[in-house]
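J.: Provided below for reference: sequence and predicted model.
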Amino acid sequence: MFKKISRLTGIFFLILLWGHAPAGHTSQEVCSPAGDASQPLVAQPQYGDAIVTASIGDASTLIPILASDSSSAEICGLVYNGLVRYDKDLNLEGELAESWEIKEGGLVIIFHLRKNVKWHDGKPFTARDVEFTYLKLIDPDVKTPYSGDFERVKSLEVIDDYTVKVDYKEPFSPGLSSWGMGIMPKHLLENEDLGNTRYSRNPIGTGPYRFKEWKTGEKIVLVSNPDYYEGRPFINRYIYRIIPDQATTFLELQTQGVDQVGLIPLQYSRQTDTPFFKKYYRKYKYPSFGYSYMGFNLKDPKFSDGRVRLALDHAINKEEIISGVLLGLGRVSTGPFTPESWACNKDVRPVPYDPIKARALLKEAGWEDHDGNGILDKDGQEFRFTIMTNQGNDTRKTTAEIIQRRLRDIGVAAEVRIIEWATFLSEFIDKGKFEAVIMGWNLSRDPDCYDIWHSSKTRPGEFNFIGYKNEEVDKLLLEGRREYDRDIRRQIYNRINRLIFDDHPCIFLYVPDALPIVHARFRGIEPAPAGIGYNFIKWYVPTGEQRYTRW
Amino acid sequence: MRKLNKLTIFGLVVVAVMASAALFAPFIVRQDPGAIDLQNGLMPPSASHIMGTDSLGRDLFSRMVFGARISLSVGFVAVGISLIAGVIFGSIAGYYGGWVDSVISRFIDIMLCFPAFFLILATIAVLGPSIWNIMIIIGLTSWMGVARLIRAEILSLKEREFVEAARAVGASDFRIITRHLIPNGMGPVLVSATLGVAGAILTESGLSFLGLGVQPPVPSWGNILTEAKSTLGIAWWITVFPGLAILITVLGYNLLGEGLREHFNPHRKQ
Amino acid sequence: MVNYIVRRLMGMVPVLIGITLITFFVIHLSPGKPTRLQAEMSPKISLEAREKLDRLYGLDKPVHVQYWEWVKRLSAMDLGKSFVDERPVSEKIGERIPITIAINVLSLIMIFLVAVPIGITSAVREGSEYDRISTVFVFIGFAMPTFWLALLLMSLFGVNLGWLPVSGIKSIDFEDYNLVEKIFDLIRHLALPVFVSAFAGLAGISRYMRASMLEILNKDFVRTARAKGLPEKQVIYKHALRNALLPIVTIIGLSVPGLIGGSVIFESIYAIPGMGKLFYDSVMARDYPVIMGVLFIGAVLTLIGNLIADVMYAYADPRIRMSGR
């Protein structure tokens, strides 16, 4: 399912954020391993062993600026480095950039690059590679989904081999994190067509792992980079196995054939509490960086009345969905930011489940059951609409079924239609041919959500497909992305949170938890707000417990 | 008429029981198959839920009974479509012969070259997995066998006396085909229709596994069984009941089909 | 013989043309242009870029011209490039096809090894308890939904008993194994998929064999042989069997499309990177060049299967060669 989210989240899912768990991850509270957390701290980590990760889908390209699905992004995250990255507490820190300066009120960023970094082929990494990557990002002939953030750059100047100066057209605060984009080697890719180069299947990067082999549809194998600037990773091999079916993956877990995978709620809470799993695996849980919602087509006259939307919000029991579908492994969403984000307005309370109030509001708006058939009507029209969601996501499907049930309770007849993802987007979302949809957003760490909520982003194929329009929000969204000061931005985004929530352009449903499980032989895992993947190169297996030692 | 053997009787009983379950579903089942009761999700079989509940707390037995409706409808409608297409193509080819026959026969050869499941998958993904699309597409990819049977049957019948007689009294081609030839060739077609129902039920379950079958909340045996994937090891009833229902029903149709085949086999009529 | 094969090959030409027509038709069923989807993967791609893509794929031309150009490229063995990763379709299919063919050939062999004896023995003992049990057995194989059987077997042999690996085609350390270990590893991985694929196919072949055998047993020459007082075994295995086996050969060709179609499901569940999985992925990603490529190749494989079957048949039965069918 995560592979399929990619198109809509292309922009928001920043591949640079070493996304090891299936969804993005962060949290304010420290996430705790559900199993026995007391891992003995061995003073000296050992090299060796391999980690086997299971993925539903194969990667499609290992050119970082073209990688728009999560599998490609995950492998690129290990093979390439960005200039910056998020640390375990979700603050930006230097990666290939040792440091940076923001000047002229955010109009200029100067990156000072590391001097000891080498490409996997031994050539040194320099500012020319950064320039090359930038030029490819804004090249109209390169089909990258990430060009948006870089089109705001006025110019990029190489000052010397290890200094790059970036000029922006106007201050653009999400810009800094966009430099987490994987930097590509100029000396190899300069004369290549990125869409059609052998390096898309044999990548050369600067990252902690080197590419070894890619057996299409079967596995991708990476090996540790002994010359990595942060030191050689302890785990020798990273094996990315493609297992298309989730039932198969689960059976593989039961034979220890897979070391690391993201669980679904049912597996987390009901299927992995056996002595076997307690002995051989550790489970982790932290809020993912995204939310699911039911969006209305605001151009539809049925939903143009805010009272109607609020009524439907009252009619849907979010807690019921979270306990019934997510089995408690998630929380209510209260707006366009996840609860852990600093942008989230903590004063916004979810709309309580109150079917009586819902009926009253609908009556106020003119919807009553005049003919006594159990369905509300107004001006001779019954309150009927179709909820669409994409096929392949069981959580959304079940959520839709529950919502359908609850709306029926207040006399609203909703039909559920599940549509295959590609058709869903091209035939319904892009063309605005929908009444209500259940979908989700994966968010970037930066709260800028201009593309989702700004009223100019409603053309076909753009992300404000529900047609939300609020002049104050429009103004604040622009302000938010011009401002670098965290405190001022917090105020702006808190206000945006409040305004959008009060408008009820959609019903914010839930923020699911990320539920990774990792084989117990891996040590050095330290859950943090960023999840568990951020320190992957420090994970290790004590010599006596290593499983794959043939290499 | 020869005595029916035990297996044919078994097939008949299965077919009859499942068909009446499907027909009388609302009278058999007390619980609403769509009633969600999250507090009672994944409950094992008990007095109140004789087949247990699924992950949304819906009564599995009710869903199975209503699922029989859907699954059997898919089977029957798909086979109906394939019969219509097969009979039309087959009788035209057989009766007129000549270039008409060559064109249709070649077309049949060509259709038989494609893995039917590939064609079904491609078209359903493009047109969307609605229950009607599923029925129509399964039907349109499975008529070739029927067409061949009808063609062969008509070829052998059309020189026989009763056809000559009909022609002599001036009956039209259409009348000869529909009144004389098709009814006489119906035996083997009935066999292949019986097997076709079984095949369509299986195809729907395969599509469900890939997420392209009948879409929830409408229950089909295929999509109920698909839930077994996510409840392995904690809810045997979701693995066992729908699986057995498909197995027994498909088996029943096959055995009945075999019985009919023996019955219609000219070599065996003594 | 050569003559016969040439004649058969000539006969395949119209069928091949028909295959290209249907492949093309299926793809153009969909509303809108296939490039729309690719372009829409990235909202940044402008209308001009979409038009450029359309021109690139020749979609701005009338349908018959498009078809003609596709067939021209096809005849030069050029299947085009994937929309998803821009790799040549022939390369994508090429790397997936060996494993699918291997599994299907293995399962065909298994089907024949099991189904033929079952068919013969149940024909010989027609109406007996054995006949009934074997009938039920082969139909159970057919009647089990593939993925259900696969899941049950994976749980049993993979997890509960731990005898076989759950999925995949090779172990992690395969490259470091010696030859014997490699062969053993492959057998262990392929055992379940081949079994699942074969079990479903038993019914068809064994019932066909049974019917064919019954028919022969009722023929005059067999009755004569019996009447002459030849031992029953000799009658059955020498006279009847040879004649009954012959028509079975043609079934090989006919069972190819079913086997290839079934590979979608068992390749997905056993995580086997074969052609069925490639087809499913391409369908879900609307990767039209690959869908068309796989459909075409799948149909051609069937044609080849039919050809092999016919040639074998002709080899075994000289009358066919002469009459030329």
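T.: It's in.
J.: relative to the whole chain's centre, how far out is the helix or strand where B:V191 lies?
T.: B:V191 is part of helix B:186-209 when elements are defined by DSSP states H and E. Its chain's C-alpha centre and that of helix B:186-209 lie 3 Å apart, by C-alpha atoms, centre = their mean, to the nearest Å.
J.: who are the contact partners of the closest residue to chain B within the stretch 201-325 of chain C?
T.: At 3.1 Å from chain B, C:G261 is the closest residue in the stretch 201-325 of chain C, using C-beta to the nearest C-beta. Every residue, glycine included, has its C-beta placed from N, CA and C. Going by C-beta atoms under 8 Å, 6 or more residues apart in numbering or on different chains, C:G261 touches B:P115, B:A116, B:F117, B:F118, C:G276.
J.: swap the cut-off to 10 Å and go again
T.: B:114-121, B:141, B:203, B:206, C:276, C:279, C:298 (C-beta atoms under 10 Å, 6 or more residues apart in numbering or on different chains).
J.: what's the burial count for the residue nearest to C:I297 when sequence neighbours are not counted?
T.: Leaving aside its sequence neighbours, C:I297 sits nearest to C:I93 (C-beta to C-beta, 6 or more residues apart in numbering or on different chains; 5.7 Å). Using other C-beta atoms under 10 Å in any protein chain shown, C:I93 has 22 other residues around it.
J.: what about the helices in the stretch 51-200 of chain B?
T.: B:60-96, B:98-113, B:116-127, B:131-140, B:144-157, B:161-168, B:173-175, B:182-184, B:186-209 (DSSP state H, counting those that start in this stretch).
J.: ok, back up a step: how about the residue nearest to C:I297, secondary structure?
T.: With DSSP: H, G, I helix; E, B strand; the rest coil as the basis, C:I93 sits in helix.
J.: hmm, C:F279 and it touching each other?
T.: Yes: in this structure, C:I93 is within contact of C:F279 by C-beta atoms under 10 Å, at 9.4 Å.
J.: quick check: neighbours shared by those two?
T.: Joint contacts of C:I93 and C:F279 (C-beta under 10 Å, 6+ apart) are C:T100, C:V290, C:G293, C:V294, C:I297, C:G298.
J.: so which of those residues are in helices?
T.: C:T100, C:V290, C:G293, C:V294, C:I297, C:G298 (DSSP state H).
J.: just the buried ones from those, in PyMOL syntax?
T.: PyMOL command restricting these to the buried ones, with burial defined by 16 or more other C-beta atoms under 10 Å in any protein chain shown:
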select buried, chain C and resi 100+290+293+294+297+298
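J.: Throw the ones in helices among the shared contacts of C:I93 and C:F279 into a markdown table and include pLDDT, thanks.
T.: Conversion of those to a markdown table gives the following (pLDDT from 0 to 100):
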| residue | pLDDT |
| --- | --- |
| C:T100 | 93 |
| C:V290 | 90 |
| C:G293 | 92 |
| C:V294 | 93 |
| C:I297 | 91 |
| C:G298 | 90 |
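J.: got TSV for the ones in helices among the shared contacts of C:I93 and C:F279, with distance to C:S206 too?
T.: What follows is these, written out as TSV (distance: C-beta to C-beta, whole Å):
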residue	distance to C:S206
C:T100	24
C:V290	36
C:G293	34
C:V294	30
C:I297	29
C:G298	25
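J.: got the residues of the stretch 151-300 of chain A near chain C?
T.: A:151, A:193-197, A:200-201, A:213, A:215-219, A:221, A:237, A:239, A:241-245, A:247-255, A:257-258, A:276 (C-beta under 10 Å from any C-beta of the partner chain).
J.: tell me what the residue most central in space within chain A is bridged to.
T.: With distances taken as C-alpha atoms, centre = their mean, the residue of chain A nearest its centroid is A:N442 (3.6 Å). On the basis of DSSP bridges, A:N442 is bridged to A:G290.
J.: now the stretch 401-550 of chain A against chain B: closest residue?
T.: Counting by C-beta to the nearest C-beta, the stretch 401-550 of chain A gets nearest chain B through A:I418, at 4.5 Å.
J.: A:R241 in helix, strand or coil?
T.: A:R241 is classified as strand under three-state DSSP.
J.: just checking, it touches A:I220?
T.: Yes: counting by C-beta under 10 Å, A:R241 touches A:I220, with 8.5 Å between them.
J.: shared neighbours of the two, anything?
T.: With C-beta under 10 Å, 6+ apart, A:R241 and A:I220 have common neighbours A:T53, A:S55.
J.: output the below-cut-off pLDDT ranges for the stretch 451-551 of chain A.
T.: A:551 (pLDDT under 70).
J.: how about the residues of the stretch 351-500 of chain A near chain C?
T.: So the stretch 351-500 of chain A meets chain C at A:391-392, A:420-423, A:425-427, A:429-431, A:451, A:457, A:459-463 (C-beta under 10 Å from any C-beta).
J.: ok, of those, which come out buried?
T.: A:391-392, A:420-423, A:425-427, A:429-430, A:451, A:457, A:461, A:463.
J.: can you list contacts of the lowest-mean-pLDDT helix or strand in chain B?
T.: Ranking every helix and strand in chain B by mean pLDDT, DSSP states H and E puts helix B:182-184 at the bottom, with a mean of 75. Helix B:182-184 is contacted from outside by B:87-88, B:90-91, B:94-95, B:150, B:153-154, B:156-157, B:160, B:162-163, B:176, B:189, using C-beta under 10 Å, 6+ apart.
J.: and for the residue lying closest to C:V124 once chain neighbours are set aside, the neighbour number?
T.: Spatially, and ignoring its direct neighbours in sequence, C:V124 is nearest to C:I236 (5.9 Å; C-beta to C-beta, 6+ apart). When neighbours are counted by other C-beta under 10 Å, C:I236 registers 22.
J.: repeat for C:V116
T.: Neighbours around C:V116, by other C-beta under 10 Å: 20.
J.: that one: which element?
T.: helix C:89-124.
J.: okay, and A:K136 sits in which element?
T.: Residue-wise, A:K136 maps onto helix A:127-138 under DSSP H and E.
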